[in-house]
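1. No sequence on hand, only this structure:
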């Protein structure tokens with residue numbers, strides 16, 4: 001009994017130190033306007049809709065002037081996983097047929113647009129030169145997730161062996177992840193609020209309704225399929241966190257899939273608290289473990305941002321809809337939280353979690369938590385962008401149109417597929 005109590009005290013002390021380290025990695029206050037970054041994933045497909053191959057882009061990217069090459073194994077330098085051209089990075093995701101473009105922080109949505117357009121056009125042009133198409137879409141439309149589709153990064157095999165079949169869904173999905181600056185004092189609110197609004201984000205951005213060669217049972221196949229990961233590691237967090245320490249304790253209670261030892265990755269499969277009991281507050285190992293939780297919003301200490309994850313990749317004609325919505329929600333966090341509590345109740349987590357489950361299946365057809373709920377959220381978002389004084393409100397127009405028409409990109413995709421099959425879908429969604 002004494003030994004158990006001693007171990008518990010050691011773990012608690014480690015969690016407190018980890019939370020303090022994480023807090024210190026965020027600025028006490030923001031300088032100037034809030035910046036925004038983007039990690040945009042895109043499915044690559046062959047003309048018949050089968051999965052493409054991101055590695056076929058490395059040679060033409062190097063010919064375009066790519067100067068920085070990142071290898072999966074820096075010792076043996078065999079497998080390229082990323083090439084940087086200036087400030088833009090092109091990377092292969094968990095799936096061999098998912099290309100990610102990593103953008104640097106932008107001062108506003110106009111600058112992000114100016115960065116995005118040529119970078120995405122380059123990806124599309126180079127893919128076409130290799131007989132592939134790039135889709136503004138959130139999932140592979142025809143190919144299922146399999147071990148053969150998994151990029152052969154060394155760390156992925158231990159994850160697959162630890163997680164099993166649910167891990168393979170990452171090989172087909174393509175998200176539009178947004179990074180937004182937050183200060184130290186905002187961090188816990190950002191984790192709470194941005195997870196709480198993951199349902200509204202999905203309701204307004206779902207775009208992965210056709211997968212495995214047929215119309216799926218989810219309008220957001222990304223979120224629906226990845227819901228099987230368990231332990232609340234994916235999707236909305238199960239409750240409100242009272243402090244950063246509370247959040248760190250939540251993450252540490254989850255299984256640690258693998259440990260990084262130099263250039264090797266070894267199985268662990270025990271709660272990370274077991275590692276803390278033996279080794280104390282190893283911050284780098286904690287960040288390694290925490291990286292393999294995929295909640296709808298999570299802190300990123302490398303950039304001092306909140307990462308917002310639930311949006312599918314958006315269609316070609318509305319590329320920054322998810323980025324605009326995410327930035328606006330972070331800017332509007334206090335008013336959004338007050339609004340939700342006024343409309344849903346002082347503890348909105350159960351109702352919002354239920355709403356989230358429904359929008360994954362039904363999108364804008366799901367009953368809202370209160371009458372006019374989404375319209376009120378979008379109004380707050382528009383006002384938040386207006387307050388920034390950078391004329392960014394126009395980037396929310398696609399969101400407003402979707403709300404008014406009650407039609408999502410996912411609905412358009414189903415219509416394309418039913419009319420023209422996979423070829424019709426590719427014709428409507430290719431960049």
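-> In hand now; what should we look at? The structure presented is a predicted model; accordingly, all values stated were derived computationally and were not measured.

2. now residue 429: how far from residue 106?
-> Residue 429 is 25 Å from residue 106, where distance means C-beta to C-beta, to the nearest Å. C-betas here are computed from N, CA, C, even on glycine.

3. Oh, that last question was meant for residue 41, not what I typed.
-> For residue 41 relative to residue 106 (C-beta to C-beta), the value is 18 Å.

4. do residue 62 as well
-> Taken as C-beta to C-beta, the span from residue 62 to residue 106 is 26 Å.

5. do residue 373 as well
-> Taken as C-beta to C-beta, the span from residue 373 to residue 106 is 30 Å.

6. which residues does residue 178 form a beta bridge with?
-> residue 38, residue 308 (DSSP bridges).

7. Go ahead and confirm it touches residue 324.
-> No - in this structure residue 178 lies outside contact range of residue 324 using C-beta atoms under 8 Å: 9.1 Å.

8. the more surrounded of the two?
-> More neighbours surround residue 178 than the other of residue 178 and residue 324, with 29 against 26 (other C-beta atoms under 10 Å).

9. What residues sit buried inside the helix or strand of the chain with the lowest mean pLDDT?
-> For the chain, counting by mean pLDDT, DSSP states H and E, strand 264-271 ranks last in confidence among helices and strands (a mean of 84). Buried residues in strand 264-271, counted by 16 or more other C-beta atoms under 10 Å: 265, 268, 271.

10. Also stretch 85-100?
-> Per 16+ other C-beta under 10 Å, stretch 85-100 contains these buried residues: 85, 88-100.

11. the helices in the stretch 101-250 of the chain, which residues?
-> 109-129, 156-163, 187-196, 198-205, 221-226, 244-252 (DSSP state H, counting those that start in this stretch).

12. what do you get for the stretch 251-400 of the chain?
-> Listed in chain order (using DSSP H, counting those that start in this stretch), the helices of the stretch 251-400 of the chain are 272-279, 283-291, 321-331, 333-344, 349-362, 373-388, 397-405.

13. Where among the helices of the stretch 101-250 of the chain is average confidence lowest?
-> Mean pLDDT is lowest for helix 156-163 among the helices of the stretch 101-250 of the chain, at a mean of 92.

14. Run through the residues that contact residue 146.
-> 168, 171 (C-beta atoms under 8 Å, 6 or more residues apart in numbering).

15. Would you check how far apart residue 9 and residue 21 are?
-> In terms of C-beta to C-beta, residue 9 sits 19 Å off from residue 21.

16. neighbour-wise, which of those two wins?
-> residue 21 (16 against 11).

17. Is that one inside a helix or a strand, and which specific one?
-> If you go by DSSP states H and E, residue 21 is part of helix 2-24.

18. Run the chain-centre distance for that helix.
-> Centroid displacement of helix 2-24 relative to its chain, using C-alpha atoms, centre = their mean, to the nearest Å, is 29 Å.

19. Name the residues of it that are buried.
-> Buried residues in helix 2-24 (16+ other C-beta under 10 Å): 10, 11, 14, 15, 17, 18, 19, 21, 22, 23.

20. can you check stretch 236-248 too?
-> Quick answer for stretch 236-248 (16+ other C-beta under 10 Å): 236, 237, 240, 241, 244, 245, 247, 248.

21. Quick check: the farthest pair among the residues you listed?
-> Greatest spacing in the buried residues of stretch 236-248, by C-beta to C-beta: 236 and 245 (20.5 Å).

22. and the angle for the least confident helix or strand of the chain with helix 283-291?
-> 70 degrees (axes from the mean of the first three to the mean of the last three C-alpha atoms, to 10 degrees).

23. I would like the residues contacting strand 264-271, please.
-> 154-155, 158, 161-162, 252-259, 275.

24. List only buried entries from the residues you listed.
-> By 16+ other C-beta under 10 Å, these give 158, 162, 252, 254, 255, 256, 257, 258, 259, 275 as buried.

25. I'd like the contacts of strand 264-271 laid out as CSV, including distance to residue 409.
-> CSV is the format used below for these (distance: C-beta to C-beta, whole Å):
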residue, distance to residue 409
154, 35
155, 32
158, 35
161, 35
162, 33
252, 37
253, 36
254, 32
255, 35
256, 36
257, 33
258, 35
259, 40
275, 42
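
26. now, the most widely separated pair of those residues?
-> Using C-beta to C-beta, these span at most 26.8 Å, a distance reached by 154 and 253.

27. Can you convert the buried residues of helix 2-24 into TSV and add a column each for distance to residue 126 and pLDDT?
-> As requested, the buried residues of helix 2-24 are exported to TSV (distance: C-beta to C-beta, whole Å; pLDDT from 0 to 100):
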residue	distance to residue 126	pLDDT
10	52	93
11	49	96
14	46	97
15	46	98
17	46	98
18	42	98
19	43	98
21	41	98
22	38	98
23	42	98
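
28. farthest pair in those?
-> Maximum distance among the buried residues of helix 2-24 (C-beta to C-beta): 20.6 Å, for 10 and 23.

29. need the contact list for residue 178.
-> Residue 178 touches 36, 37, 38, 39, 307, 308, 311, 322, 323, 326, 327, counting by C-beta under 8 Å, 6+ apart.

30. Surely the fourth one touches residue 174?
-> This points to residue 39. No - counting by C-beta under 8 Å, residue 39 does not reach residue 174; the two are 10.7 Å apart.

31. Low-confidence regions, the chain specifically.
-> Residue ranges of the chain with pLDDT under 70: 1-3.

32. Need the residue closest to the centroid of it.
-> residue 309 (2.6 Å; C-alpha atoms, centre = their mean).

33. Many thanks, have a good one.
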